[in-house]
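# Make a model of this:
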Amino acid sequence: MNIVAIMGSYRKGKTIDTLLDRAIDGAKAARPDANIDKMTLIDKQIKYCANCMTCRSDPATPYARCVIDDDMQAIYPLLAAADAYIFGTPINDGHETAIMKAFLERVTYVFSRPNPNSFPAKNIPEPRVKDRQKTAIILVSAGVVPRIFRRFCDEATPLLKDMCKMCFNARVIGSLYAGAIQTRGVQPYLEKAYQLGRQLAA
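Down below sits the predicted model:
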């Protein structure tokens, strides 16, 4: 089993990095033979999408050609080979981090293609590979906003769910919102992250 964990925080060793590692521990416990690649996006050279539409027009599978020469070229094959994904990002201003957004823009049409028969609008993206069902979990954190108010500030989780479905043909089997980190700390959320990792690998 191949699992790719994408760490979208700017800070190593902090909440999202810690929760991601805990989910990885859970996955390893459930599937000791799993191959897990953890990507810390801030360590990668990820340029902005140029909207050149080369990938959108490419009929290739399992993923299209991207003309931008940066670290995403080495990431694309790992994403294509993955059976499952772990996405982790802090919530900044209600959304995922800028580095996570840049990553998502770079994978959109590389792993999806426009469907001319989609409804209610034509050319809504769909996965390039649809015969292989994958799974994913999502970990997000907020420094101030507690879980009870999640729906007012968490735009990251719905976006990531849509991306999983649209690009990777992946079903999100669970998510964790680690709220009010500044007062609660990360400790209350470690067990759930671990169990989500176990569930993903199992």
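# what's the burial count for P188?
For P188, the neighbour count with other CB atoms under 10 Å is 12. From N, CA and C alone the C-beta is placed, and that goes for glycine too.
# Please renumber the chain so that the first residue is 53 from this point on.
Let's use 53 as the start, then, which means that last one is P240.
# so who does it touch?
By CB atoms under 8 Å, 6 or more residues apart in numbering, P240 lies in contact with A230.
# Kindly report the same for V119.
102, 104, 106.
# Count the residues that sit near the second one.
Meaning C104. Residues near C104, counting by other CB under 10 Å: 11.
# The last one too?
Applying other CB under 10 Å, we find 15 residues neighbouring T106.
# gap between the nearest residue to it once chain neighbours are set aside and S109?
Nearest non-adjacent residue to T106, counting by CB to CB, 6 or more residues apart in numbering: V119, 5.0 Å away. Remark: distance between V119 and S109 (CB to CB, to the nearest Å) = 11 Å.
# now P129
With distances taken as CB to CB, P129 is found 21 Å from S109.
# one step back: tell me the SS of the residue nearest to T106?
On the three-state scheme (DSSP: H, G, I helix; E, B strand; the rest coil), V119 is labelled coil.
# ok, the most centrally placed residue in the chain - contacts?
By CA atoms, centre = their mean, the mean C-alpha position of the chain lies nearest to F139, the distance being 3.4 Å. Residues in contact with F139, defined by CB under 8 Å, 6+ apart, are 58, 60, 152, 188-191, 212, 216.
# so of the residues you listed, which ones are in strands?
58, 188-191 (DSSP state E).
# So which residues of this protein form helices?
67-82, 106-109, 124-133, 150-163, 202-205, 208-220, 233-236, 242-253 (DSSP state H).
# For V196, find the nearest of those.
helix 233-236 (6.0 Å; CB to CB).
# packing partners for the worst-scoring helix or strand of the chain on mean pLDDT?
Ranked by mean pLDDT, DSSP states H and E, the helix or strand of the chain with the weakest confidence is helix 202-205, at a mean of 92. The helices and strands touching helix 202-205, judged by 3 or more CB pairs under 8 Å, 6 or more residues apart in numbering; DSSP states H and E, number zero.
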